[in-house]
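Enquirer: The following comprises the amino acid sequence and a computationally predicted model.
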Amino acid sequence: MSPIIKSAKKALRQNPKRKIRNIRRKKRIKSLFKKADVLISQGKIEEVKSLLPQIYKSLDKAAKTGVIKKNKASRKKSNIAEKVNKTQKKS
């Protein structure tokens, strides 16, 4: 059954595109965090610090567009910064 109302038809066209975009944003966040974790475990603090702005940007963009909630973005930023600071103090 296809929609009758014009706006519902448009929504039907938009939803798959938005879904793909949202999944892409989530995957980018996950891959950046994995990359950061690997670098932290290797003790490459300077490389992680250069990666932080990218992580922050992708989190902020995801929160802005509603892919993740604002508090989750803040929490993730705080956690990654805390990990970096802890490993920096150990070195």
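Expert: Received, thanks.

Enquirer: rest of the way, CA atoms for contacts and neighbours
Expert: Noted.

Enquirer: Is Pro3 part of a helix or strand, or is it coil?
Expert: For Pro3, the secondary-structure state derived from DSSP: H, G, I helix; E, B strand; the rest coil is coil.

Enquirer: Surely it and Lys9 touch.
Expert: Yes: under the criterion of CA atoms under 8 Å, Pro3 makes contact with Lys9 at 5.8 Å.

Enquirer: Where does pLDDT dip in this protein?
Expert: 91 (pLDDT under 70).

Enquirer: all helices in it, in order from the N-terminus.
Expert: 6-42, 45-65, 70-90 (DSSP state H).

Enquirer: How about the residue sitting nearest the centre point of the chain: what's its closest non-neighbour residue?
Expert: Geometric centre of the chain, nearest residue: Ile29, 3.1 Å, by CA atoms, centre = their mean. Nearest residue to Ile29, sequence neighbours excluded (CA to CA, 6 or more residues apart in numbering): Ser58, at 6.4 Å.

Enquirer: show me the contacts for Thr87.
Expert: 40, 43, 45 (CA atoms under 8 Å, 6 or more residues apart in numbering).

Enquirer: Next: Ile45.
Expert: Ile45 neighbours (CA under 8 Å, 6+ apart): 39, 84, 87-88.
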